[in-house]
Every structure is written in structure tokens, then in C-alpha cells.
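Participant: task: produce atomic coordinates for the following.
(chains A and B)
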Amino acid sequence: MAAAEEMTARSAQQGTPTVVVDNLHITYRVMGPKPAGARTDSTSALRRVLTRQNAPGMREIKAIRGVTFVANHGDAIGLIGRNGSGKSTLLRAVAGLLPPVDGVVYTNSQPSLLGVNAALINSLSGAQNIMLGGLAMGMTPSEVREKYASIVDFAGIGEFIDLPMTAYSSGMSARLRFAIAASVSHEVLLIDEALATGDAEFRRKSETRIRELRDEAGTVFLVSHGLGVIRETCNRAIWLDKGLIAMDGDVDTVLDAYEELVER
Amino acid sequence: MTIGDIERSPAAELAAQAGLTPIGRRPSLFAYIASIWERRYFLAAFARSRLTADNSESRLGQLWQVLNPLLNAGVYYLIFAVVLKTTSSIDNYVPFLITGVFIFGFTQRVIVTGSKAITGNIGLVRALHFPRAVLPLATVWEELLKTGTSLAVLSVIVLAYREPLTWNWLQLPVVIFLQLLFSAGVALAFARLTASISDVAQFLPFAMRIWMYLSGVMYSISAFISRHDGQEWVVVLLQINPAAVYIQLARGSVMKSAPAAVTDWYLGIAWAVVAFVIGFVFFWRAESSYGRG
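Facilitator: You can find the predicted model right below:
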């Protein structure tokens, strides 16, 4: 593994490693439409169960196909690549939320994923969701109560806070989720497209907050389609293509190469 | 990947030098229990909020917790007591039936809702990091919170049918606790099974229905001994099944005419401990696989 040695050598020059991703493979299994001519009768279904074969139409999507890199203390790494290149999957795997089929992710602490997808219970009010989300992240009830006002203020959803989240617009619920997730600081912080939500004012607020979190955190990963945001906030970029690293290095070098390809 | 492979990989060596640990590995059983204890506030809040969410979804809200078993009991009364007239050997059939329906219904709800705890909250599992056993345990806790009103209604009905209020009634919370422990163990096991094989959720209601008919909810198992001459083991099997044991213990607590035997208590305790330990360990062993797409 020449690539890994090269990487080891480079990290020796820089700060201490905080995240090591070693030959990571992530596969999704989904049920799709059955291919034409596949046997769908119940006897063949039973036979598949007994022989532990996958059903026809069960597709394996190899989202990450062998990714290796080292992130160091002080790194802010932008993940770029086209839709479906595995950026969000890689982030979720580093957070330990998607079990790998092969490979290992090593970290110094539990990384936190700051996404807009943090699922809350939509039939509950925003206020209840703040409590629930905070507790799920490991806060105590009194810690959540302490931060409650600032979360509500940050989300900026006013009197809607006492209404069930089903009554929220998609932008409002995204803002609330972001506000809950951003209320704690983390050693390793993973941010997934969080900057893309909300209106201009909220975007400005969240960018400021992310910068604060970045300063508090040791290492930050950022997934975004906005290359400007990555250039501004990151010092390093990893370009993913079809589940493999196409390029890894200084943010300007990688982004220039990526832009050149996209424009062509 | 074997341990040898990990040692050979330079990235792994680097990680080891920097003191990094693999993420998403199953914690030890004790560490796991400790981490669940740390999230106890989340567990309780999650149960409470699901309760309020459920109640706000229908107009009668929490009343359905009581109406549902009562309507079920009404159906069984109509079929078994009025139409088929099979209940003449049972003293005071209404309290007998109501106790059976409430107690079995509790176990059934804990297992069925608990089995969907991972699959039904997959978004939460993929978004946040916490010990996954919190989810099935929260649904168990939720069912316990719900069962308070049902128990009050059960007591009123049983007393209305002139069962005396005795010291034995104090056993009822103990029975509920043992039953809860047993049901939680089964729910944990099925939560893991449902998470890996989604077809299990389809099959579970039928299994629960067969179990109910075999557990003497609406008839007396001991009355069948005469019908199985030379095959008493059939009756014994029915009597040691956990649902029958807990129903028998509950009836023994609130009804004068159906005292529970000491062996029922031993069985009740044994089922509770064995099911919970096995279910919990079984669930924990797959901890790192929950949420796989």
C-alpha cells in the first residue's frame, strides 16, 4: 500500500492524527424492481431464503469502494464530488453511523455529524424536539434547559416553537435541526450541506456558528456543493469520484483541478 | 478482516501510534449498560414524547388504551360465553376474561411495538449516536406508562364483579414487573431480528395470535386436562408458557377463585430473568450493525 505510506509520511510533518480511515468499503442493499425473467414464485423465494441468496432485484450499491486517508488536528477538510460520489456516505461512516462492510475508521473521540437530516419527531412541538435532540446527543435535562433559549433564538422560528413540527415549513424545520445539532461543540465535527439550508440571513448566521465550532473542534469535515464555501473555510480537500478518492490535497489545488474537469 | 491484516496496514499502525480507536465497534457489555444508563433521560423523554404524539393523533387519545382491550374482551365474551357457552366451568367469567385480555395485551403491545423500535426510528439511528438498546427499552417504558390507566379500569371492573379486595392485590405490581422484564427481553430480541429481516414484522402478529389462543386468555387451561387423557404433557406445556404463567399470577392476585401456585411464581421469575438476559445480550451483539443501509 504505497498510498498509505505516502500519507503516513505526510501526516508526520503535520499535526497529530485525529481521524484515520483505513481501506473503507460501504455498501447499501436496496430492493429495486425485479429484473425481467426473474423467478418470483414462492417456492423460489423459499429456496433463496434457505440458500441465503439475495432476492432478485436486491441491488448492492457500492457507495464507498476503498477509501484511505488521515485527518490531522487543525484540519478543515472539504469533501467534493458529483451527486452520488459517496460524500455523505463517507461522512456518516466517519461518524460511525453506517457500519462498513470492510475497513476501519479510527478516531480519538466520538465524531458528531451536524446534518440537516437529524431526524426528530414531527408530531411533537419544536420545544419538545429541542429537549429530545439535546438528550439524544448526551446532554442532561438541565444542560438542555440552559441552552434552550439560545437554540430557539438561533433557529429564529419565533412563536412556532410551541407548534408541532408538522406545521413547519421545510426551511424552518431544517433551521431548528441545525440549531439543535450546533448547540454542542465537538472534537471531530462533520458538517453535511448544512450551509445550504435556510434564507440568506440564516445562512450568514450558520456560517458564523460553523466557524466558531471549527475553532473549538480539532478537525472539521465539510460536505458542500458550494465550492466557494469550501475554499473559504477549508485548508484541504478530498475529491471523491464513484466511491474512490480522485484527489486529496491542498484545497486550492484540488478545487482548481475539479473545476477544470467540471467546466470541460 | 483478521487481526493480522489490521496490524499489517500502515494506516492502522499510525492510528495505534496516535492512540486512536476504531469507531463503531461493539462496546463491552458493561460499558454498554453504563452508556444506556447515561442516556436514561433521553430514554424517559423519548417514551413520554411518543406517548403525547400518539395521544394527539386520534380524537379519543389515551382512551383507546382502555377501550381497545375492553372491546376485545367484549368480542371474546360474545363468542365464548354467549354463543359457544364454553365457560360454565369458570367462576366469575368476566373478571377472569378481562384480566387475561389486559395482561396478554400488555405483553403483546410491548413485543410488537418494541420489535419496530429500530426499523421505525431508522432516521434517528442514522443521525445520532447513542446505544441502540435505548430505543426498544423506551418503547417498553412507554407501554408501562400507558398501562397505569388500564390497570385502574381492570381493578374497577374486577371489584364490580364482587371479587374481594385482599392483600393478594399487592402482588399485582410484582406480576406486572416480572411480565415487563420478560416482554422487554422478547422485544429486544425481535427488535434485532426485525432490523435485519424486515419480514419478521409481517409474521409477528400471527405468532402473537396463536400464542394468545394457546395461553388461556378466554378459557381455563386446567379444565382441559380431562380432554387430554394420557397426554397431560400437552396441558403442562400450555401451563408453563410464559403468557399463561403471568395471566395465572395476575388472576391469582385479584381473584379469589383462581389462586396461583408457588410453581407459577418460580416460573414467572425464571422466564423474566432468562428472557431479559438472553434478549439483551442478543440485541447487544448486533449493536454495531444497526442502521446499515
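
Participant: just the element for the residue in the stretch 101-250 of chain B positioned nearest to chain A, please.
Facilitator: With C-beta to the nearest C-beta, the shortest gap between the stretch 101-250 of chain B and chain A falls at B:Gly123, namely 3.0 Å. C-beta: built from backbone N, CA, C; applies to glycine. According to DSSP states H and E, B:Gly123 maps onto helix B:122-127.

Participant: B:Leu165 now?
Facilitator: Applying DSSP H and E, one finds B:Leu165 in no helix or strand.

Participant: in space, what's closest to it - neighbours in sequence excluded?
Facilitator: With sequence-adjacent residues excluded and distances taken as C-beta to C-beta, 6 or more residues apart in numbering or on different chains, B:Leu165 is closest to B:Leu159, at 6.4 Å.

Participant: and the one you found, how many neighbours does it have?
Facilitator: Neighbour count of B:Leu159, defined by other C-beta atoms under 10 Å in any protein chain shown: 14.

Participant: doesn't B:Thr166 make contact with it?
Facilitator: No - in this structure, B:Leu159 sits apart from B:Thr166 without contact. The criterion is C-beta atoms under 8 Å, and the distance is 11.1 Å.

Participant: ok, the residue sitting nearest the centre point of chain B - contacts?
Facilitator: What sits nearest the mean C-alpha location of chain B, by C-alpha atoms, centre = their mean, is B:Ser183, with 2.5 Å. Counting by C-beta atoms under 8 Å, 6 or more residues apart in numbering or on different chains, B:Ser183 touches B:106-107, B:110-111, B:114, B:140, B:275.

Participant: tell me which two of these sit farthest apart.
Facilitator: Maximum pairwise distance among the contacts of B:Ser183 (C-beta to C-beta): 14.6 Å, between B:Phe106 and B:Ala275.

Participant: neighbour count winner among these two?
Facilitator: Per other C-beta under 10 Å, whichever of B:Phe106 and B:Ala275 has more neighbours is B:Phe106, with 23 against 20.

Participant: list phi and psi for residue 218.
Facilitator: Just so you know, I chose chain A. phi -80, psi -40 (degrees, to the nearest 10).

Participant: meant chain B, my bad for not saying
Facilitator: phi -110, psi 0.

Participant: with adjacent residues omitted, what lies nearest to it?
Facilitator: Counting by C-beta to C-beta, 6+ apart, B:Met218 lies nearest to B:Tyr76, which is 4.4 Å off, once chain neighbours are set aside.

Participant: pLDDT below threshold where in chain B?
Facilitator: With pLDDT under 70 as the threshold, chain B has low-confidence stretches at B:1-8, B:56-59, B:225, B:292-293.

Participant: next: chain A.
Facilitator: Counting by pLDDT under 70, chain A contains low-confidence ranges at A:1-14, A:31-41, A:49-57, A:115-120, A:193-198.

Participant: for it, longest helix please?
Facilitator: The helix that spans the most residues within chain A, counting by DSSP state H, is helix A:200-216.

Participant: packing partners of that one?
Facilitator: Contact analysis of helix A:200-216 by 3 or more C-beta pairs under 8 Å, 6 or more residues apart in numbering or on different chains; DSSP states H and E lists helix A:170-181, strand A:188-192, strand A:219-223, helix A:227-233 as its packing neighbours.

Participant: which one of the ones you listed lies nearest to A:Ala76?
Facilitator: A:Ala76 lies closest to strand A:219-223 among the helices and strands packed on helix A:200-216, at 4.4 Å (C-beta to C-beta).

Participant: centre of the chain to that closest one, how far?
Facilitator: The chain centre lies 9 Å from the centre of strand A:219-223; the measure is C-alpha atoms, centre = their mean, to the nearest Å.

Participant: quickly run through the sheet partners of that strand, with directions.
Facilitator: Sheet partners assigned to strand A:219-223 using DSSP bridges are listed as strand A:76-80 (parallel), strand A:188-192 (parallel).

Participant: in a markdown table, list those strands along with mean neighbour count.
Facilitator: Listed next are these as a markdown table, based on neighbours: other C-beta atoms under 10 Å in any protein chain shown:
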| stretch | mean neighbour count |
| --- | --- |
| strand A:76-80 | 25 |
| strand A:188-192 | 25 |
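
Participant: before we move on, the earlier item: mind listing what's buried along the longest helix of chain A?
Facilitator: By 16 or more other C-beta atoms under 10 Å in any protein chain shown, the buried positions in helix A:200-216 come out as A:202-203, A:205-206, A:209-210, A:213-214.

Participant: could you do stretch B:191-198 as well?
Facilitator: Buried residues in stretch B:191-198 (16+ other C-beta under 10 Å): B:191-195.

Participant: and what of stretch B:250-260?
Facilitator: By 16+ other C-beta under 10 Å, the buried positions in stretch B:250-260 come out as B:250-255, B:258, B:260.

Participant: any chance of these in a markdown table, with secondary structure too?
Facilitator: As requested, the buried residues of stretch B:250-260 are exported to a markdown table (DSSP: H, G, I helix; E, B strand; the rest coil):
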| residue | secondary structure |
| --- | --- |
| B:Ala250 | helix |
| B:Arg251 | helix |
| B:Gly252 | helix |
| B:Ser253 | helix |
| B:Val254 | helix |
| B:Met255 | coil |
| B:Ala258 | coil |
| B:Ala260 | coil |
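
Participant: what ranges do the strands span in chain B?
Facilitator: Under the criterion DSSP state E, chain B contains strands at B:21-22.

Participant: the helices in the stretch 1-150 of chain A, which residues?
Facilitator: For the stretch 1-150 of chain A, applying DSSP state H, counting those that start in this stretch gives helices covering A:2-13, A:42-51, A:87-94, A:126-136, A:141-155.

Participant: out of those, the one nearest A:Arg231 is which?
Facilitator: Shortest distance between A:Arg231 and the helices of the stretch 1-150 of chain A, using C-beta to C-beta, is found for helix A:87-94: 16.3 Å.

Participant: where does that closest one sit relative to the chain's centre, distance-wise?
Facilitator: Relative to the chain's own centre, helix A:87-94 is displaced by 5 Å; criterion: C-alpha atoms, centre = their mean.
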